[in-house]
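>>> Provided below for reference: sequence and predicted model.
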Amino acid sequence: MRLEPIPAPGPARRFGLPALALAATAALGSLLALVAGAEPFGVLGLIAKGAFGSKFALLETLNRATPLIFTGLAVAVAFRARLWNIGAEAQLYAGALMAVLIGAGTPALSGPLLLPLMALVAMLAGALLLLGPALLKTRLGVDEVVTTLLLNFIMLLFVSMLLEGPLKDPMGMGWPKSEALAREARLPRIVEGLRLHWGFGLALIAALIVWLVQSRTTLGFEMRAVGENPAAARYAGMPVERTIALTALLSGGLAALAGFSEVSGLKGNLTLDLSPGFGYAGVIVAMLALLHPLGVVLSALFVAGVFVGADSMSRAAGVPTYIADILLAAALLFMSLAILLARFRVARD
């Protein structure tokens, strides 16, 4: 038995199998709730209610989805061109670090140009951080999965060193955190009195721009071609190395915006627990969205809703919140299998 590619998968395979994967995830969640001693469908209802059942819950879900949209877009862009970026976490912290260096304390620049400057410098830092592994891949054949993954740990240790040294807030009572951002360096709130900020609007704009780039530009076509078959793209005269480098710059910049939005819109300073794994969760978001930029928004809302709703569900039903982690891991596995079966079929020799 072997797998052979399907030349033109029909809608039933392309959309039916991913829908079946989500249904299987819900069924697994119900089974886990039953084992934990709760009513299966009631637990799923509590997750949905905790994530979308009130104005406060909805805004918290949107707030949690903001960095996931950025990291999901970063992963989707890279994976589309077959650049396996597993380092969105490092790029996130690079963007956050640059935002703090420019906007903390008494910034040298003030006024309406401060926030755009912080965002641009953050994007540049994330872009350059991924450009290195991309060049190692194209010039020396180094596996970017290894280099980008290791950069996550290197960046976290580097940030830890800075927070215990030159960036440590002298008024922080010994806690390893940076100085707070200046008021003009903070993203304004969308809803006054609640935590949702305009980083969410920036994430939606980024998703639209990425979709336009991938579907309406020459670069987007080259990214798709290189991702499908690099050898054929090179034979057709496409600049494969340049396309991968540009993909790395775009992907790293998008992940860095997640760090900028978290620092400037939510936290107000840099700490080591800025991200609970948004960079790694971006892989799940991108895969659930089938690498579609607009689908990343819906996928990020789903993942954020599971996390936010799981907290409410745990308090109401006495069920461990770890069910949410299992659900997302299962969703990724089922979706990966659905994508495989959508593109290949089993054939007998």
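Perfect, thanks for sending it. None of the values given here were measured: they were computed from a predicted structure. Residues are numbered from 1 along each chain as shown.

>>> what about stretch 109-123, distance to the chain center?
Centre-to-centre, stretch 109-123 and its host chain are 22 Å apart (Cα atoms, centre = their mean, to the nearest Å).

>>> Give me the buried positions along it.
Buried residues in stretch 109-123, counted by 16 or more other Cβ atoms under 10 Å: 114, 115, 117, 118, 119, 121, 122, 123. To be clear about C-beta, it is placed using only N, CA and C from the backbone, and glycine gets the same treatment.

>>> Sitting in helices, which of those residues do you find?
If you go by DSSP state H, the buried residues of stretch 109-123 have 114, 115, 117, 118, 119, 121, 122, 123 in helices.

>>> The fifth one is in contact with residue 257, isn't it?
Yes: counting by Cβ atoms under 8 Å, residue 257 is a contact partner of residue 119 at 6.6 Å.

>>> Can you check the pLDDT for residue 349?
What the model reports for residue 349 is a pLDDT of 64.

>>> can you pull the contacts of residue 186?
Neighbouring residues of residue 186 by Cβ atoms under 8 Å, 6 or more residues apart in numbering: 264, 265, 268.

>>> okay if I get these as a markdown table plus distance to residue 204 and pLDDT?
Shown next, in a markdown table, are those (distance: Cβ to Cβ, whole Å; pLDDT from 0 to 100):
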| residue | distance to residue 204 | pLDDT |
| --- | --- | --- |
| 264 | 17 | 94 |
| 265 | 14 | 92 |
| 268 | 23 | 89 |
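
>>> which among those gets closest to residue 166?
residue 268 (19.1 Å; Cβ to Cβ).

>>> I figured the closest one was touching residue 182, is that so?
No: Residue 268 lies out of contact with residue 182 (Cβ under 8 Å); the separation is 9.9 Å.

>>> Strands of the chain, start to end?
2-5, 344-347 (DSSP state E).

>>> Nearest to residue 64, out of these?
Sorting those by Cβ to Cβ, the top spot, which is the nearest, belongs to strand 344-347 at 34.6 Å.

>>> Can you name the residues in contact with the closest one?
1, 2, 3, 4, 5, 6.

>>> In a markdown table, list these along with distance to residue 281.
A markdown table is the format used below for those (distance: Cβ to Cβ, whole Å):
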| residue | distance to residue 281 |
| --- | --- |
| 1 | 35 |
| 2 | 34 |
| 3 | 29 |
| 4 | 33 |
| 5 | 30 |
| 6 | 30 |
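
>>> Tell me which of the residues you listed has the lowest pLDDT.
residue 1 (65).

>>> thinking again about what came up before, can you redo the contacts of strand 344-347 as a markdown table with distance to residue 89 and neighbour count?
Below are the contacts of strand 344-347 laid out as a markdown table (distance: Cβ to Cβ, whole Å; neighbours: other Cβ atoms under 10 Å):
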| residue | distance to residue 89 | neighbour count |
| --- | --- | --- |
| 1 | 38 | 6 |
| 2 | 37 | 9 |
| 3 | 32 | 12 |
| 4 | 37 | 9 |
| 5 | 33 | 8 |
| 6 | 35 | 14 |
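
>>> Alright, I will stop here.
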